[in-house]
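**Q** my questions concern the predicted model and sequence given below.
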Amino acid sequence: MPKRYAYLGPEGTFTEAALRALVPGEDAGAFVPCTGVDAVFAAVRDGEVAGGVAPLENSVEGGVTATIAELINGDPLLIAAETAIPVEFTLFARSGVALSDVKRVATHPHALAQCRGWLARHLPDAETFTMSSTAAAAQAVAEPGAPYDAAISARIAGERYGLAAVAEGVGDRSEAATRFVYLTRPGALPEPTGADRTSLVAFIADDHPGALVELLNQFAVRGVNLTRLESRPTGDGLGRYCFCIDADGHVAEARVGEALMGLRRICTDIRFLGSYPRADAETELTPFIPARGTTNAAFHEAEEWLARIRSGAVA
Ligand SMILES: O=C(O)C(=O)C[C@]1(C(=O)O)C=C[C@@H](O)C=C1
């Protein structure tokens, strides 16, 4: 049976653009639009689709709560790939509507947060309404008798639903980008590529001074760089938090594997979310000089040395 892929729909979302980038060459007939991130996760968990795509973080507005909540709770899924795409917003309306006619604007909450400055300057009196996605907003505006005058969405959504662009580049930050993750049911991990990322959720054992430092030290002493650290409530009461972590490297690498073993010893629970190729692998990163004893070669040499002395050899 041909593979199918779930994504936050309807057609024309930034998530659909991310899915196209993640499975190049796949026919759009294989794409299953979902009305929410929860439905994307459900479709993957139930085995209705081979994989699903959800937004994880935005360079301006930060983490996408719905995705993070699904990653923390419910049956665990693995992140098998990621992509980051630039997000450029356009204000769309039915043809004939001018900027001065726009009183009610619909869009996704993350898009709204990224366009607040522009709206305050150009449509200070407009009411805003949040929808399940930017494309859902464009689709709603296109309906006859729609309760909204305009939608903020990707260009592709406005065109898909036959709307006219009223204003382009309405995002407050022109270089804004959103990172999307490709989710699968647990299975074999992608092979290490040399430019990978590992994601996990750490639940600290008990609340005490330095608990977070102890957790972070597991990475620091092994020279593992973190690229995201986000605390989220566990839902078990005020002050109870878990930590969502993205780290450079693949769990197959000794230093990452050992950091995870260290966490396993000091945390009540660790939810491993996958090791997968970094989307920015091509980007020129700041040269990283590993601290003494934290190269992969140093880890292997120490492992071999331990095996030798355990076997009785005098090292
Ligand atoms: O509504 C969409 O088009 C989406 O793909 C969702 C989403 C998000 O959740 O952040 C993706 C990118 C943009 O930052 C705005 C909205």
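**A** Thanks, I have the structure now.
**Q** residue 107 reaches residue 135, doesn't it?
**A** No - using Cβ atoms under 8 Å, residue 107 is not in contact with residue 135, being 10.0 Å away. Just so you know, the C-beta spots here come from the backbone N, C-alpha and C atoms, and that holds for glycine as well.
**Q** which strand or helix spans the residue most central in space within the chain?
**A** Centroid-nearest residue in the chain, with Cα atoms, centre = their mean: residue 56, separated by 2.0 Å. Residue 56 belongs to strand 51-58 when assigned by DSSP states H and E.
**Q** give me the residues contacting the helix or strand hosting residue 304.
**A** Residue 304 belongs to helix 296-310 when elements are defined using DSSP H and E. For helix 296-310, contacts defined as Cβ atoms under 8 Å, 6 or more residues apart in numbering pick out 222, 253-255, 258, 293, 315.
**Q** on that earlier part again, for the strand holding residue 56, packing partners?
**A** Applying 3 or more Cβ pairs under 8 Å, 6 or more residues apart in numbering; DSSP states H and E, we find strand 51-58 packed against strand 5-8, helix 14-22, helix 37-45, helix 65-72, helix 109-122, strand 177-184.
**Q** look up phi and psi at the nearest residue to residue 55 once chain neighbours are set aside.
**A** Closest residue in space to residue 55, ignoring its immediate chain neighbours: residue 64 at 4.6 Å, by Cβ to Cβ, 6 or more residues apart in numbering. With angles defined as degrees, to the nearest 10, residue 64 sits at phi -90, psi 100.
**Q** helix or strand: which one has residue 128?
**A** For residue 128, the enclosing helix or strand under DSSP H and E is strand 127-130.
**Q** where is the longest strand in this protein?
**A** Counting by DSSP state E, the longest strand found in the chain is strand 267-277.
**Q** in its sheet, what does that one sit against?
**A** Using DSSP bridges, strand 267-277 pairs in its sheet with strand 196-204 (antiparallel).
**Q** and the strand it pairs with, average pLDDT?
**A** On average, the pLDDT along strand 196-204 is 97.
**Q** how much does that strand deviate in direction from strand 51-58?
**A** Strand 196-204 and strand 51-58 meet at an angle of 70 degrees, taking axes from the mean of the first three to the mean of the last three Cα atoms, to 10 degrees as the criterion.
**Q** which residues touch the residue nearest to residue 55?
**A** The neighbours of residue 64, taking Cβ under 8 Å, 6+ apart as the test, are 37, 54-58, 110.
**Q** residue 113 too?
**A** 60-61 are the contacts of residue 113 under Cβ under 8 Å, 6+ apart.
**Q** give me that answer again for 6 Å
**A** Residue 113 sits next to residue 61 when contact means Cβ atoms under 6 Å, 6 or more residues apart in numbering.
**Q** then residue 12?
**A** Going by Cβ under 6 Å, 6+ apart, residue 12 touches 135, 156-157, 160.
**Q** can you check residue 103 too?
**A** Contact analysis of residue 103 by Cβ under 6 Å, 6+ apart lists 126, 149.
**Q** and it, how close does it get to the ligand?
**A** Counting by Cβ to the nearest ligand atom, to the nearest Å, the gap from residue 103 to the ligand is 22 Å.
**Q** try residue 210
**A** As judged by Cβ to the nearest ligand atom, residue 210 and the ligand stand 34 Å apart.
**Q** how many residues are close by that residue?
**A** Around residue 210 there are 9 other residues, counting by other Cβ atoms under 10 Å.
**Q** ok, the residue lying closest to residue 294 once chain neighbours are set aside - contacts?
**A** Excluding the flanking residues, the one nearest residue 294 by Cβ to Cβ, 6+ apart is residue 223, at 2.7 Å. By Cβ under 6 Å, 6+ apart, residue 223 lies in contact with 290-291, 294.
**Q** at 8 Å instead, please
**A** Residues in contact with residue 223 (Cβ under 8 Å, 6+ apart) are 255, 290-291, 294-295.
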